[in-house]
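Undergrad: model the structure of this input:
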Amino acid sequence: MDWRQFIHASEKLNPGAYTDGDDHKLAMTRSGISRAYYAAHNVARLYAKNKGYYWTDDHGKRYDWPQHEMLWDVFSGRQDVDEQTVGDKGHSLRIIRNRADYDAGLSAKSLIQDHIFALKNA
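TA: Coordinates of the predicted model:
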């Protein structure tokens, strides 16, 4: 699968302008944020695997398939500036994806802004 297709799915989940109380549109926006994040995450994970990158914990244990935060740490810790940017954007995308998935109190305005950010940075 081409994980970048999740970006197109995220774009289709953009319901346009709306206000708080429209649960269907709120759900679409939350799902769009998640799809944009997973496009970035899965592409980055495959890139890291192909490059032989891995994450090591404080005890020296190696993780070839790191969890989300660990994956972005791998990129943030690289010497290459572009790879560091991938890590920094990945961390930011993960934060907004977690908000979209778990914070029921987010306003429509916040979700719309997060969705725009996710689409621009995934």
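Undergrad: switch to C-alpha atoms for all contacts and neighbour counts from now on
TA: OK.
Undergrad: could you say what helices and strands the helix or strand harbouring residue 71 packs with?
TA: Taking DSSP states H and E as the definition, residue 71 sits inside helix 68-76. Applying 3 or more CA pairs under 8 Å, 6 or more residues apart in numbering; DSSP states H and E, one finds that helix 68-76 contacts helix 23-51, strand 55-56, helix 81-102.
Undergrad: helices or strands next to the shortest one in the packing?
TA: In this case it means strand 55-56. By 3+ CA pairs under 8 Å, 6+ apart, strand 55-56 packs against strand 62-63, helix 68-76.
Undergrad: which outside residues touch it?
TA: By CA atoms under 8 Å, 6 or more residues apart in numbering, the residues outside strand 55-56 that reach it are 62, 63, 64, 66, 70, 71, 73, 74.
Undergrad: and the residue nearest the centre of the chain?
TA: In the chain, the residue lying closest to the centroid (CA atoms, centre = their mean) is residue 37, at 2.4 Å.
Undergrad: give the buried residues for the strand or helix carrying residue 118.
TA: Assigned by DSSP H and E, residue 118 belongs to helix 108-121. For helix 108-121, a neighbour-count test (16 or more other CA atoms under 10 Å) marks 108, 111, 112, 114, 115, 116, 117, 118, 119 as buried.
Undergrad: give the other helices and strands that that helix contacts.
TA: Using 3+ CA pairs under 8 Å, 6+ apart: helix 108-121 touches helix 5-12, helix 23-51, helix 81-102.
Undergrad: now the helix holding residue 71: average pLDDT?
TA: Helix 68-76 carries an average pLDDT of 92.
Undergrad: start at 36, not 1
TA: I'll keep to 36 as the first residue from here, and by that count the last item is helix 103-111.
Undergrad: which other residues reach that helix?
TA: Residues outside helix 103-111 that contact it (CA under 8 Å, 6+ apart): 76, 79-80, 88-90, 100, 118-123, 125-126, 129.
Undergrad: in it, what's buried?
TA: Neighbour-count burial for helix 103-111 flags 105, 106, 107, 108, 109, 110, 111 (criterion: 16+ other CA under 10 Å).
Undergrad: right, I'll leave it there.
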